[in-house]
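Enquirer: heads up, no residue letters with this:
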């Protein structure tokens, strides 16, 4: 499998050859679990194609999506685990067939030490994702859930019903399924959505009062 990840393009030819020699091709199917909370980090995943969802589960059993990895993305949690030497505190699930490269810890450490460009790209990715996570925390702590739910539906509808369960929506928003179901039923009563099993159709786009 030829390395096709943007992170490797910043390397000098000798270092890129070394990175490609150590990178391990990974083929993942939808539904596969990439890592779980408590697992040790074996290396840095470099997603070439597909989609992986990273989420955290609380003691109550409720979950929240932290971020998704698509082509050319890096796993922020893996970067943190590699640099801090600790295990994962969340889990990653494959949403669609995914091709990736796994950069082993030893190769990651060597590239971080020898390539300023590699180090800069890794830290820039880490910083961007951290900004996104801070916005997520702000939304959860200070945002109205009804508005967040409506905004999610607007962003993902694209003129078609969203094929998603109430439980999956709860994970996306970091709340309980019962709360999402109550809000959707309220939306339905006001003619804002049409509900069916495993799907939510947005009927209008006006703001919630």
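Expert: Noted; the coordinates are in hand. The shown structure was predicted, so the numbers you read here are calculated from the model rather than taken from an experiment. Numbers count the residues shown, from 1 in each chain.
Enquirer: going forward, measure contacts and count neighbours with C-alpha atoms only.
Expert: OK.
Enquirer: quick check: closest non-adjacent residue to residue 193.
Expert: Leaving aside its sequence neighbours, residue 193 sits nearest to residue 202 (Cα to Cα, 6 or more residues apart in numbering; 4.5 Å).
Enquirer: list the residues that contact that neighbour.
Expert: Residue 202 is in contact with 153, 154, 157, 161, 192, 193, 194, counting by Cα atoms under 8 Å, 6 or more residues apart in numbering.
Enquirer: equivalent analysis for residue 181, please.
Expert: So residue 181 contacts residue 166 (Cα under 8 Å, 6+ apart).
Enquirer: rewinding a little: I'd like the contacts of residue 202 written out as a markdown table, with secondary structure, distance to residue 136 and pLDDT added.
Expert: As requested, the contacts of residue 202 are exported to a markdown table (DSSP: H, G, I helix; E, B strand; the rest coil; distance: Cα to Cα, whole Å; pLDDT from 0 to 100):
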| residue | secondary structure | distance to residue 136 | pLDDT |
| --- | --- | --- | --- |
| 153 | helix | 16 | 92 |
| 154 | helix | 17 | 90 |
| 157 | helix | 20 | 77 |
| 161 | coil | 24 | 89 |
| 192 | coil | 25 | 91 |
| 193 | strand | 25 | 91 |
| 194 | strand | 27 | 91 |
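Enquirer: filter those residues down to the buried ones.
Expert: With burial judged by 16 or more other Cα atoms under 10 Å, the buried subset of these is 153, 154, 161, 192, 193, 194.
Enquirer: other SSEs contacting the helix or strand containing residue 110?
Expert: Per DSSP states H and E: residue 110 is located in helix 105-114. Using 3 or more Cα pairs under 8 Å, 6 or more residues apart in numbering; DSSP states H and E as the contact test, the elements touching helix 105-114 are helix 13-22, strand 43-57, helix 116-142.
Enquirer: residue 13 and residue 19, how far apart?
Expert: Distance check for residue 13 against residue 19: by Cα to Cα, to the nearest Å, it reads 10 Å.
Enquirer: when the two are compared, which one has more neighbours?
Expert: Each of residue 13 and residue 19 has its neighbours counted (other Cα atoms under 10 Å); residue 19 has more, 20 against 11.
Enquirer: let me know the pLDDT of the residue lying closest to the more buried one once chain neighbours are set aside.
Expert: Nearest non-adjacent residue to residue 19, counting by Cα to Cα, 6+ apart: residue 107, 6.8 Å away. Turning to residue 107, the model gives it a pLDDT of 95.
Enquirer: of all the helices and strands packed on helix 105-114, which one comes closest to residue 30?
Expert: Closest approach to residue 30 among the helices and strands packed on helix 105-114 (Cα to Cα): strand 43-57, 8.8 Å.
Enquirer: fine by me, thanks again.
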